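Visitor: Quick check, what structure comes out for this input:
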Amino acid sequence: MSSGPESQSVQSNRRSFLAGLLAAGSAAVGALLAFPLVRFTLHPVLARTTEKSWSDVGSVDEFQNLETPVKKLVTIDQRDGWRKIVTEKPVYVSKDSKGELIVLSAVCTHLGCTVP
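Guide: Coordinates of the predicted model:
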């Protein structure tokens with residue numbers, strides 16, 4: 001074998017090709033390993049929450065002469081995976097200082113227990 005300039009350029013081309021191939025393979029493996037990590041990190045931001053829907057408490061006429069808060073039960077449909085759970089939760093209907101109706105949840109935000 002001759003160690004002339006042509007032999008060195010062929011070896012140099014082969015080395016740079018193998019180095020490029022190794023770099024591309026490493027980048028592909030790194031991207032494949034990073035994908036689950038990125039998906040795990042961004043899931044809370046991109047996840048769909050349960051759709052919000054309105055619950056019927058009653059007609060406005062029912063609460064026109066309201067003096068004290070009134071406890072009402074609303075039906076809530078919750079979906080947990082494949083299960084659909086229908087529960088009744090209490091709410092309180094009252095009037096604010098302007099005389100407008102307000103509806104307050106009777107579920108404690110701290111522990112999730114129902115306030116009597």
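Visitor: Now do the domain split for the chain, please.
Guide: The record's domain parsing of the chain by automatic domain parsing lists 1-47, 50-116.
Visitor: Mean neighbour count and mean pLDDT for those - can I get that in TSV?
Guide: Every C-beta, even on glycine, is put in place using the N, C-alpha and C of the backbone. Shown next, in TSV, are these (neighbours: other CB atoms under 10 Å; pLDDT from 0 to 100):
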stretch	mean neighbour count	mean pLDDT
domain 1-47	9	83
domain 50-116	10	86
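Visitor: Where do the strands of this protein begin and end?
Guide: Secondary structure of the chain by DSSP state E: the strands cover 70-80, 83-95, 101-105.
Visitor: Which strands and helices lie in contact with the longest one?
Guide: Packed against strand 83-95, as judged by 3 or more CB pairs under 8 Å, 6 or more residues apart in numbering; DSSP states H and E, are the following elements: strand 70-80, strand 101-105.
Visitor: Mind putting the ones you listed into a markdown table with distance to Lys52?
Guide: Formatted as a markdown table, the helices and strands packed on strand 83-95 follow (distance: least, CB to CB, whole Å):
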| stretch | distance to Lys52 |
| --- | --- |
| strand 70-80 | 11 |
| strand 101-105 | 13 |
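Visitor: And the helices in the protein?
Guide: Remark: helices assigned in the chain by DSSP state H are 5-46.
Visitor: Pick out the residue closest to the middle of it.
Guide: By CA atoms, centre = their mean, the mean C-alpha position of the chain lies nearest to Ala47, the distance being 3.0 Å.
Visitor: What's the separation between that residue and Leu37?
Guide: Between Ala47 and Leu37 the distance is 16 Å, computed by CB to CB, to the nearest Å.
Visitor: same deal with Val103?
Guide: Taking CB to CB, one finds Val103 at 43 Å from Leu37.
Visitor: try Glu62
Guide: Distance, Glu62 to Leu37, using CB to CB: 54 Å.
Visitor: now Lys95
Guide: Using CB to CB, Lys95 is found at 52 Å from Leu37.
Visitor: and if you look at Ser53?
Guide: According to CB to CB, Ser53 stands 35 Å off from Leu37.
Visitor: which residues does the residue nearest to the centre of the chain contact?
Guide: By CB atoms under 8 Å, 6 or more residues apart in numbering, the contact list for Ala47 is empty.
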